[in-house]
Structures are given as structure tokens and as C-alpha cells.
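Chemist: structure for the following, please:
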Amino acid sequence: MENGLTPYGPFIKEIKDLIYRRQYEAMQKVNAELIQLYWEIGGEIDRQQREQGWGKSVVEILAKELQKEFPGVKGFSASNLWRMRIFYIEYSQNTILQPMGAELGEQPQKVFLQPMVADLGKQPQKAILPPMVAEIGWSKICIIIIEGSDND
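Modeler: Residues are numbered from 1 along each chain as shown. From the prediction side, this is the model:
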């Protein structure tokens with residue numbers, strides 16, 4: 001037993017490392033689900049405002065109702081709901097990825113993240129959250145949104 005370690009030292013360290021790794025992975029998955037939730041809420045707010053012609057008051061009312069329904073759960077303030085809507089609009093309509101030329105062969109194309117338009121009848125499909133965006137924390141997304149709006 002050198003340095004006070006039992007013969008189980010390497011095994012115990014391995015298990016601790018496994019726990020830390022899995023905790024981190026779980027945290028990443030929870031974050032991705034939270035970002036997906038915010039994306040969907042923002043999309044619904046945007047859709048309802050466009051289709052129903054609702055103004056700003058719907059967000060204020062929704063915030064109050066969500067805070068009543070989920071007491072102690074942070075993230076459903078009116079200002080955060082507005083950020084969700086902006087997040088949805090920015091990433092569903094304005095984001096364009098330019099794939100690398102080597103991957104495209106001779107015919108370069110722009111890949112739009114969403115909304116994708118179906119070939120049949122040109123009906124827009126539900127916008128899908130870009131996978132790499134789901135990996136970014138909400139506070140960083142808010143900074144990106146604010147920085148982007150300052151440049152407009």
C-alpha cells in the first residue's frame with residue numbers, strides 16, 4: 001500500500017472517472033433538450049402570432065401562465081420567451097451553411113438549415129433545430145442573438 005492507496009486505487013479512479021464522464025454527458029443531453037424546448041416554444045409563439053395576428057400581450061400572458069404552472073422553474077419570463085422567439089426566427093429562416101467545396105464536388109450548393117420546403121406542393125415543413133445549435137448553452141445563444149441584433 002504505497003502512498004496510502006489500496007490495491008483498489010486504479011479501479012476506484014476508473015469508476016470515479018466513469019461517473020464524471022457520464023455526469024458530463026447527461027448534462028449535455030439535458031442542455032440539448034432544454035435548447036430544443038426553447039426552440040419549439042419560440043416557434044409556437046412565432047407561428048401563433050403570424051396565424052392568429054396576436055401581438056405582444058400573448059407573450060406576457062403566456063409568461064404569467066407558465067410561471068403559475070411551473071413555480072420555481074426559471075426561464076419562462078416574458079423577456080426569455082421573446083428571446084426564444086428571436087432564437088427560433090434567426091436560426092430557422094436566416095442561417096445558411098456553406099459546405100466545404102471538397103464535399104460538394106463540382107456543383108456547389110447552399111444548404112439551408114430550415115425551413116425546408118417539400119418538393120410536393122411546396123408546403124413548408126416544421127423547422128428543425130440544427131444539431132450543432134443544440135450543443136450551445138442558452139446563455140451563449142442569447143449573447144449571439146444580442147450581438148447579431150446589434151449589427152443590424
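Chemist: the bottom helix or strand of this protein by mean pLDDT?
Modeler: Of all the helices and strands that make up the chain, the one with the lowest confidence by mean pLDDT, DSSP states H and E is strand 111-112; it has a mean of 33.
Chemist: helix or strand next in line after it, which one?
Modeler: Using DSSP states H and E, the next helix or strand after strand 111-112 towards the C-terminus is helix 131-134.
Chemist: who does that following helix touch, helix- and strand-wise?
Modeler: Helices and strands in packing contact with helix 131-134 are listed as helix 9-52; criterion 3 or more Cβ pairs under 8 Å, 6 or more residues apart in numbering; DSSP states H and E. In short, each C-beta sits where N, CA and C put it, glycine included.
Chemist: so what secondary structure elements neighbour the next helix or strand after the helix it packs on?
Modeler: For helix 9-52, the succeeding helix or strand toward the C-terminus, using DSSP H and E, is helix 57-69. Contact here means 3+ Cβ pairs under 8 Å, 6+ apart; on that basis helix 57-69 packs against helix 9-52, helix 78-89.
Chemist: out of everything not next to it in sequence, what's closest to the residue nearest the centre of the chain?
Modeler: Here the mean C-alpha position of the chain is nearest to the C-alpha of residue 35 (Cα atoms, centre = their mean), at a distance of 3.1 Å. In space, not counting the residues next to it along the chain, residue 35 is nearest to residue 134; the distance is 4.8 Å by Cβ to Cβ, 6 or more residues apart in numbering.
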